[in-house]
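# this one's sequence-less:
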């Protein structure tokens, strides 16, 4: 019985997410209501509230889920893999994997980008990418470099957001590998700042 209940919860949450994304493609986040979501998901409002406090809680849960899945992607990449790709001048594997994730979850990223709801999401995403890059190169920014440590996450997050935004808005005409190669070049340029400090 517990397994059936779990499956029902998973199915209901899936319906809620699908309805949320469908609505987000038609109207702004601010105009979406719980009633709208429940209607499209073919559930009642009480069922929605069994799973989420409101649409903001739903959004936060989607963000947490996305960050968790992206962390799992970067954690699974071995340092040796990245270093060998770097030596070959190829796109970094964690960048490729993250962009593949973005490509497969366009609805979520389109929602975040179009509505400019929560900039902290992209700051956190930028932090994951920076941390991964620093672990690879072994060149953690020094505490003495106050300006670098204070702003680099925001700079890289803004650059990554800009690239993803342009890529999605123009219909993802470039391949994942092409965008990954571009992001990789920018990432190495950023890390090169460390070597000239």
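Perfect, thanks for sending it. As the structure is a computational prediction, the values presented were derived from the model and not from experiment.

# what's the spacing between residue 188 and residue 158?
For residue 188, the distance to residue 158 (C-beta to C-beta, to the nearest Å) stands at 18 Å. In short, each C-beta sits where N, CA and C put it, glycine included.

# Could I get the full set of strands for the protein?
Here the chain has no strands by DSSP state E.

# Domain map for it?
The chain resolves into domains spanning 1-52, 58-195 when parsed by automatic domain parsing.

# and those as a markdown table, adding mean neighbour count and mean pLDDT?
Formatted as a markdown table, these follow (neighbours: other C-beta atoms under 10 Å; pLDDT from 0 to 100):
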| stretch | mean neighbour count | mean pLDDT |
| --- | --- | --- |
| domain 1-52 | 14 | 92 |
| domain 58-195 | 16 | 79 |
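
# for residue 45, what are its contacts?
34-35, 38 (C-beta atoms under 8 Å, 6 or more residues apart in numbering).

# 10 Å instead?
33-35, 37-39 (C-beta atoms under 10 Å, 6 or more residues apart in numbering).

# What segments of the chain are helices?
Taking DSSP state H as the test, the helices found in the chain are 2-24, 34-41, 45-51, 55-76, 79-87, 93-104, 106-115, 119-137, 146-169, 176-195.
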